[in-house]
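Engineer: after the sequence you'll find the predicted model.
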Amino acid sequence: MTEAFLHYLWQFQQFDKSNLQTISGEKISVLKTGILNTDAGPDFTNTRLQINEIEWVGNVEIHVKSSDWQLHKHQYNEAYNNVILHVVWENDQTITRQNGSLIPTLELKSITDIQLLDKYQYLIDNQSIIPCKEHFSDISDLSKFAILDKVLAKRLQQKAQVVEQLLEKNNGDWEETAYQLLARNFGFKLNYETFLRLAQNLRLKVLQKHRDNLTQIEAMLFGQAGLIEKVDEYSEKLSQEYDFFSAKFSLKSTQLASHEWKFLRTRPANFPTIRIAQLAKLITQQQSFFSLFTQTNSIEDLRNSLKIEQSVYWQEHYNLGKVASKKLVGLGKDSINNILINTVIPLLACYSEKTDNQEFMARCVSFLEALPAEDNHITEMWEGLGLTIKSAFDSQASIELYNNFCTHKRCLQCNVGIEILKK
Ligand code: SF4
């Protein structure tokens with residue numbers, strides 16, 4: 001038995017209520033179950049009950065055994081003085097408040113359908129990657145949509161928090177934050193942290209002073225990334241420019257080392273050198289990333305603004321002095337979609353929360369619905385179970401559901417799990 005299961009029983013009143021009584025024989029009527037409290041303090045707040053003829057408003061505390069009250073030292077904690085009902089699986093000890101008054105106790109063991117417990121145990125003990133997989137096809141679309149909506153909202157909130165942390169580090173500067181998020185995204189899976197450090201060490205304000213000159217922007221980015229090796233005329237030029245700018249803007253102390261970049265197991269089109277060249281090009285083309293991301297309502301317009309080709313040198317080379325066997329094209333469709341999902345949408349979600357403007361959150365959802373679904377082992381697994389994944393909304397939500405619910409067996413907080421138990 002777990003407290004999580006007892007929370008579920010209480011929240012959904014999944015027990016025989018025909019003759020509900022405390023262990024001392026007082027009649028109980030539940031008028032309002034209360035609000036599940038995930039912070040410190042009693043488990044449910046604002047509960048309304050009638051015990052015999054008297055109506056009570058207060059908190060409910062839930063334990064596997066009534067003696068857990070003392071084990072958790074609630075007798076010394078004033079926060080528990082307003083507990084109006086102690087709900088336990090098994091009553092093994094009489095419990096009183098600090099003032100010595102008896103706490104009415106409801107024991108669930110004898111009034112709970114054992115089949116419910118078996119179904120719960122089945123989900124918890126199941127070793128499948130998705131514990132409910134045998135039942136998933138029988139679940140109503142309503143439950144599936146409800147949990148996908150819920151987890152997507154959570155995912156957007158979490159992404160907004162990450163942006164907020166970055167924004168705080170940048171002392172509330174949205175422009176630098178948008179640039180750093182974008183730069184981090186250019187690192188994709190392998191180099192995102194290194195890209196972020198590069199952007200944090202080479203502020204947008206510095207780069208923007210020279211955004212009319214692509215070679216100078218490339219020189220600052222490649223130089224600060226520690227990736228300039230003098231091997232040809234172009235790299236000589238970059239080196240010369242970087243020497244000048246690093247002295248002018250005191251950049252040397254935060255210069256990265258070349259070994260911090262990962263080139264292995266990636267195609268030349270994804271090499272950090274190519275991504276830096278693409279970022280450089282975007283910097284020359286956009287006056288304000290923040291305005292671009294927050295003021296563009298149409299996803300097509302955003303896509304078009306991100307469609308760029310890097311400089312000619314980087315279309316023909318994958319590394320300094322290394323000629324590519326075929327032309328390296330600009331930012332591809334998948335990369336642009338990735339930037340929309342991982343930079344633009346989190347930024348909009350954060351901006352929505354900071355400005356308390358739901359319009360931006362609504363835009364996040366409509367963008368996700370308009371973007372194609374991501375394709376990875378998690379989305380494939382869900383599709384194998386019959387879940388329809390046709391947009392980035394579905395893929396993002398299903399990834400969140402798997403990572404934060406299924407793998408932690410949070411089936412009792414999931415609409416799918418609740419439907420399985422109710423069936
Ligand atoms: S969390 Fe929900 S979807 Fe995931 S295994 Fe449990 S019941 Fe199934």
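Structural biologist: Received the coordinates, thanks.

Engineer: list the buried residues of stretch 22-39.
Structural biologist: Neighbour-count burial for stretch 22-39 flags Thr22, Glu26, Ile28, Val30, Thr33, Gly34, Asn37 (criterion: 16 or more other Cβ atoms under 10 Å). Just so you know, the C-beta spots here come from the backbone N, C-alpha and C atoms, and that holds for glycine as well.

Engineer: lowest average confidence, helix or strand, in this structure?
Structural biologist: Using mean pLDDT, DSSP states H and E, the weakest-scoring helix or strand in the chain turns out to be helix 114-125, at a mean of 90.

Engineer: gap between that helix and the chain center?
Structural biologist: Taking Cα atoms, centre = their mean, to the nearest Å, the mean C-alpha location of helix 114-125 is offset from the chain mean by 29 Å.

Engineer: just checking, what packs against it?
Structural biologist: Here helix 114-125 touches helix 3-11, helix 415-422, going by 3 or more Cβ pairs under 8 Å, 6 or more residues apart in numbering; DSSP states H and E.

Engineer: distance check, the closest residue to the ligand within the stretch 201-350 of the chain against Asn91.
Structural biologist: In the stretch 201-350 of the chain, the residue that lies nearest the ligand is Ile341 (22.1 Å; Cβ to the nearest ligand atom). Taking Cβ to Cβ, to the nearest Å as the measure, Ile341 falls 51 Å from Asn91.

Engineer: going along the chain, name the strands of the chain.
Structural biologist: Using DSSP state E, the strands of the chain run over 28-32, 35-36, 44-51, 54-65, 83-90, 105-107, 317-319, 322-323.

Engineer: just put the ones you listed in TSV and tack on distance to the ligand and mean pLDDT.
Structural biologist: Shown next, in TSV, are the strands of the chain (distance: least, Cβ to the nearest ligand atom, whole Å; pLDDT from 0 to 100):
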stretch	distance to the ligand	mean pLDDT
strand 28-32	26	96
strand 35-36	17	94
strand 44-51	22	96
strand 54-65	21	96
strand 83-90	22	96
strand 105-107	27	97
strand 317-319	42	95
strand 322-323	47	94
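
Engineer: among those, which is the most enclosed?
Structural biologist: Comparing the strands of the chain by mean neighbour count (mean count of other Cβ atoms under 10 Å), strand 83-90 comes out on top with a mean of 23.

Engineer: just the helices in the stretch 101-250 of the chain please.
Structural biologist: 114-125, 141-169, 174-186, 188-201, 204-208, 214-224, 233-248 (DSSP state H, counting those that start in this stretch).

Engineer: would you single out the least confident of those helices?
Structural biologist: Between those, the one with the least mean pLDDT is helix 114-125; it has a mean of 90.

Engineer: ok, Glu107 touching Glu90?
Structural biologist: Yes. Counting by Cβ atoms under 8 Å, Glu107 touches Glu90, with 6.6 Å between them.

Engineer: returning to that earlier point: out of the helices and strands packed on helix 114-125, flag the one nearest the ligand.
Structural biologist: Distance to the ligand, taken as Cβ to the nearest ligand atom, is lowest for helix 415-422 among the helices and strands packed on helix 114-125, at 3.3 Å.

Engineer: got the residues of the chain near the ligand?
Structural biologist: By the rule Cβ under 6 Å from any ligand atom, the part of the chain lying against the ligand is Ile130, Pro131, Cys132, Leu401, Phe405, Cys406, Arg410, Cys411, Cys414, Val416, Gly417.
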